[in-house]
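Peer 1: below are the sequence and a predicted model for it; my questions follow.
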Amino acid sequence: MKRSTTITRRGLIQSGVAGAAVVSTLSFTRMAHAQDGMIKIGFVSPKTGPLAGFAESDDYILEGINAAFADGIEIDGSTYGVEVIVKDSQSNPNRAADVAAELILDDEVNLMVVSSTPETTNPVSDQCEINGVPCISTVAPWQPWFFTRGGNPAEGFEYTYHFFWGLEDVISVFTEMWGKVDTNKSVGGLFPNDGDGNAWGDPELGFPKPLAAQGFELTDPGRYQNLSDDFSAQISAFKNASSEIVTGVMIPPDFTTFWTQAKQQGYAPKVASMGKALLFPVTVEALGDAGQNLSSEVWWTPTHPFSSSISGQSAKDVADGYTEATGRQWTQPIGFAHALFEVAADALKRSGDPTDYDRVRDALAETDMNTVVGPVNFQNGPVPNVSKTPLVGGQWRLGGDFKYDMVVTANGDAPDVPLGGDMEAIS
Amino acid sequence: MDWINAIVQGILLGGLYALFAAGLSLMFGVMRFVNIAHGDFIVMAAYGALLAVTFTGVHPLLSMIVVVPGLALMGYFGQRILLNRTLGDDILPPLLVTFGFSIIIQNVLLEVFSADSQKLQAGALETASIQIAEGLNIGLMPLLIFLSALGVIGGLQAFFYRTSLGRVLRATSDDQDTVRLMGADNAKIFGYATAIASAVVGIAGVYLAMRTNFDPSVGPARLLFAFEAVIIGGLGNLWGTLAGGIILGVAQTIGAQIDPGLQILAGHIAFLIVLVVKPQGLFPKMKG
């Protein structure tokens, strides 16, 4: 009897799935070293979709971690291999929850790490909390991570931990920058009708109260929808209020539409401090020369005086390594993606038994370490399970190795981070 | 003056929507073909313009010389090779195929160009404006887009009513079977129609790329307004599509003037009102 060698649909799908699984699993340790078992770390990240910019440095970071863990990690006298299983959230919260469940139930990961905006961190953290798997998250302001998930400041969460800055830090950094430029203290606010926009514009917890307390007058025309094609209404409102400062938390295409329309319609504020829209150098480059002196919150730069607890590299080394490996300018998520694995490795090492969820969780709760993004300590955060990293403010300036360079111009809340220059008004 | 400004900016915005919608209106009108991937085709054209500008360093407007014929060719062969096979009595296959296209295009663009948002630099043109009165400025770029929309729609109209191919296309939109009896080759005619529609998509893509940031995922958001402009204006009527775009644009800017939260909603409400009052659209050329 002759055996059929034709490709069947089922066979093809099976081999395809197997192939995909091989690609997405990075075994960091040569098996020979892993005498005492393997530790599996699940990593959920938005590798495709609108949030993919945040995940762009993942491959570079994982390569670095790979080298550092090549010989495994030693825990309580035993050597464990480390395997990181990466899953793509496709920038979709539902998908993020699905892949987190897969990592927990099918791959049986010992620890979950997740990064990049509440759309990714929250569903993954929720899955971990339900299933009792320790989880470390970052790159989402702590309020939307904590309160949106129903966090109670008196109790906190059992298995999920988060390090990043919060809304109060952005407000403090922005007002510090505005205080350094001579203006009439009239501020125009552009807050979209999304999670960030509603939080920033919230009359109680957002910008309005602290701004009023510091003598700034806020003109907030109201929540607009993302991907609007016209901002004439806001521009006339700001013109009427003669706002010399513009702030908000816009997505990049909307900021570009707003900024070009403002120029067309003769509105020229002295300061424009925008959350989210100005994070990545490519979006500032897209504005041509009109990006000069736009300001934004800065979570991490190569000038931050911190170094990695895994590789010993300074912030500058990590950023330069990225540019060398990819030819691209550094971006802020690089430091945090690296720090995520620092916190993970530190907790695993102190856990005594990395395969015991509760012992890893206990170790995580006691975290007190220095990472490439600054100190992380889950004991002294604003609410339980949260550790705040320092936030500074900066302006994009033309020049440097790439078209624009991020220059730190406000460090009142984190004096360790050196200033790169003085705050300048937009000319 | 704020209100006059809002209306003027709304009319200019309407030009942009009409330009996005013209290609869709044409395919809808001639072939009864609903292209779910229309927005993604526009984004693809924008990336085409990006490539042309990156490699040659010409002004983005000049990239149309390459992008428009390129898209037209792709449209023609795409229709002949693939989309014609989906046409028939059932309206579902073209919907499904173009929906698949939408996903494929987004992911291929993501693989090739990454998720970085891009924009074409148009230099001084971007921020230049003409002051009409105190508090009323017309940006050159929006004006140029509006005039292009006028030009494109005027040109298409002339083509449809002054040329013999235009006559065949119109006849096809009225009664496919009879046109086939008269000896016209439907497959070819559909190819031409898609080629023309895709050329318009090329123009829309270049303007999209110059106007604001784009990334592989922004296409579907463009589709919705285009659809609404086509429906408001009435199926198969190109000037109607322009009118639909303007109604949509003005409704949005006036809504925003009342409260920015109403901006997008006001456009949708205008669309709903038209659907309720005149389900065939304002200036229908054919029965729905």
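Peer 2: Everything's here; your move.

Peer 1: surely A:Trp259 is in contact with A:Leu287?
Peer 2: Yes - in this structure A:Trp259 lies within contact range of A:Leu287 using Cβ atoms under 8 Å: 6.4 Å. For the C-beta atoms, the positions are set from N, CA and C on the backbone; glycine is no exception.

Peer 1: mind listing the helices for the stretch 101-250 of chain B?
Peer 2: B:140-162, B:164-174, B:176-181, B:186-211, B:219-233, B:238-258 (DSSP state H, counting those that start in this stretch).

Peer 1: check chain A too.
Peer 2: Along chain A, counting by DSSP state H, helices occupy A:9-24, A:58-68, A:93-105, A:118-131, A:142-146, A:167-179, A:195-201, A:208-213, A:232-240, A:252-264, A:281-285, A:315-326, A:333-351, A:357-365.

Peer 1: least confident of these, on average?
Peer 2: Among the helices of chain A, helix A:9-24 carries the lowest mean pLDDT, at a mean of 45.

Peer 1: apart from its chain neighbours, what residue comes closest to residue 252?
Peer 2: Looking at chain A here, since you left the chain open. A:Thr283 (4.2 Å; Cβ to Cβ, 6 or more residues apart in numbering or on different chains).

Peer 1: chain B was what I was after
Peer 2: B:Gly267 (4.4 Å).

Peer 1: what sits against that neighbour?
Peer 2: By Cβ atoms under 8 Å, 6 or more residues apart in numbering or on different chains, the contact list for B:Gly267 reads B:225, B:228, B:248-249, B:251-252, B:255.

Peer 1: closest to chain A among these?
Peer 2: B:Gln252 (6.3 Å; Cβ to the nearest Cβ).

Peer 1: which residues are in contact with the closest one?
Peer 2: B:Gln252 is in contact with A:228-230, B:10, B:13, B:263-264, B:266-267, counting by Cβ under 8 Å, 6+ apart.

Peer 1: which helix or strand contains B:Gly281?
Peer 2: Using DSSP states H and E, B:Gly281 sits within no helix or strand.

Peer 1: and it, its phi and psi?
Peer 2: Dihedral pair for B:Gly281: phi 90, psi 170, per degrees, to the nearest 10.

Peer 1: how much space between it and B:Val250?
Peer 2: For B:Gly281, the distance to B:Val250 equals 17 Å [Cβ to Cβ, to the nearest Å].

Peer 1: surely A:Pro203 is in contact with A:Pro210?
Peer 2: No - with contact defined as Cβ under 8 Å, A:Pro203 does not reach A:Pro210; the gap is 11.3 Å.

Peer 1: so which of the two has more stuff around it?
Peer 2: Neighbour totals were compared for A:Pro203 and A:Pro210, and A:Pro210 leads with 16 against 10 (other Cβ atoms under 10 Å in any protein chain shown).

Peer 1: excluding residues flanking it in the chain, which one is nearest that one?
Peer 2: Here the residue nearest A:Pro210, using Cβ to Cβ, 6+ apart, is A:Ile171, at 5.0 Å.

Peer 1: now do the same contact list for the one you found.
Peer 2: Shown in contact with A:Ile171 (Cβ under 8 Å, 6+ apart): A:207, A:210-211.

Peer 1: likewise for B:Pro216?
Peer 2: Per Cβ under 8 Å, 6+ apart, neighbours of B:Pro216: B:43, B:105-107, B:109-110, B:113, B:115.

Peer 1: repeat that for B:Leu50.
Peer 2: B:113, B:118, B:120, B:209.

Peer 1: which helix or strand contains it?
Peer 2: Taking DSSP H and E as the definition, one finds B:Leu50 inside helix B:38-56.

Peer 1: what's the angle between that helix and helix B:219-233?
Peer 2: Using axes from the mean of the first three to the mean of the last three Cα atoms, to 10 degrees, the inter-axis angle of helix B:38-56 relative to helix B:219-233 is 120 degrees.

Peer 1: just want the angle from helix B:38-56 to helix B:186-211.
Peer 2: Angle of helix B:38-56 versus helix B:186-211, following the same axes, to 10 degrees, is 60 degrees.

Peer 1: return helix B:38-56 as CSV; C-alpha atoms alone will do.
Peer 2: Output of helix B:38-56 as CSV, limited to C-alpha atoms (Å, rounded to 0.1, in the frame of the first residue of the first chain):
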residue,chain,number,x,y,z
HIS,B,38,-11.7,51.4,0.4
GLY,B,39,-10.1,53.1,3.4
ASP,B,40,-7.2,50.7,3.4
PHE,B,41,-6.7,51.3,-0.4
ILE,B,42,-6.4,55.0,0.4
VAL,B,43,-3.8,54.2,3.1
MET,B,44,-2.0,52.0,0.7
ALA,B,45,-1.9,54.9,-1.8
ALA,B,46,-0.5,57.1,1.0
TYR,B,47,2.3,54.6,1.5
GLY,B,48,2.9,54.5,-2.2
ALA,B,49,3.3,58.3,-2.1
LEU,B,50,5.7,57.9,0.9
LEU,B,51,7.8,55.5,-1.1
ALA,B,52,7.9,57.8,-4.2
VAL,B,53,8.8,60.8,-2.1
THR,B,54,11.5,58.9,-0.1
PHE,B,55,13.2,57.5,-3.2
THR,B,56,13.0,60.6,-5.4
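
Peer 1: list the buried residues in that helix.
Peer 2: Applying a neighbour-count criterion of 16 or more other Cβ atoms under 10 Å in any protein chain shown, one finds B:38-50, B:52-53 buried in helix B:38-56.

Peer 1: what does stretch A:401-419 give?
Peer 2: Buried-residue list, stretch A:401-419, by 16+ other Cβ under 10 Å: A:402-411, A:413-414, A:417.

Peer 1: nothing else from me, thank you.
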